[in-house]
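*Asks:* Predicted structure and sequence below. I'll ask about it afterward.
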Amino acid sequence: MGEHYLSDNHGNRVPPHPDLSDPVLESGQVVVAGSKDTNATVTVTAGKSYAITSITGCHYFGLATTATAANCIWACGEGRTIVVKIPTGYTSLHYQTPSNSRKFILRRLKDTSDD
């Protein structure tokens, strides 16, 4: 019987459900998207994976401005968690929301360099 596992957007193994992710201690930050339909950024580390949990409302994410629909790569609905890996060369995660005053929590996930 073969082993079954999930992969992120770069083919790296991820937990069976994003809620089971293993974050780096004290890496969490609450991000508030103040104005709807406005591209904003949060600093991330290139090559690292992140868990994103939408606390209030839904959010769209990308590696370039989310003002252009073609750049919206990931979406996260309210109360949901997704796991994304930031490609090498990127240090900003772009986001926006279709409503005012929406929040998400961003946590960097452990990898072998954190052991």
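*Replies:* Received it, and whenever you're ready, just let me know what you need. Numbers count the residues shown, from 1 in each chain.
*Asks:* how close does A75 get to T88?
*Replies:* For A75, the distance to T88 equals 23 Å [CB to CB, to the nearest Å]. For glycine as for every other residue, the C-beta is placed from the backbone atoms N, C-alpha and C.
*Asks:* Tell me which of those two has more neighbours.
*Replies:* The residue with more neighbours, out of A75 and T88 and counting by other CB atoms under 10 Å, is A75; that gives 13 against 8.
*Asks:* in what helix or strand does the more buried one lie?
*Replies:* strand 74-76 (DSSP states H and E).
*Asks:* how about the strands of the protein, start to end?
*Replies:* Taking DSSP state E as the criterion, the chain carries its strands at 6-7, 13-14, 29-33, 40-43, 49-56, 59-62, 74-76, 81-85, 92-96, 102-108.
*Asks:* Paired strands for the second one, with orientation please.
*Replies:* Note on strand 13-14: by DSSP bridges, its sheet partners are strand 6-7 (antiparallel).
*Asks:* any idea how far the strand it pairs with is from the chain center?
*Replies:* Averaging C-alpha coordinates over strand 6-7 and over its chain gives two centres that are 15 Å apart (CA atoms, centre = their mean, to the nearest Å).
*Asks:* Stretch 33-50 now?
*Replies:* Between the mean C-alpha location of stretch 33-50 and the chain-wide mean there is a distance of 8 Å, by CA atoms, centre = their mean.
*Asks:* Quick one: end-to-end distance for that stretch.
*Replies:* Looking at stretch 33-50, the gap from its leading to its trailing residue is 18 Å under the measure CA to CA, to the nearest Å.
*Asks:* who's in contact with it?
*Replies:* 8, 12, 14, 29, 31, 57, 59, 65-67, 83-104, 106-109, 111 (CB atoms under 8 Å, 6 or more residues apart in numbering).
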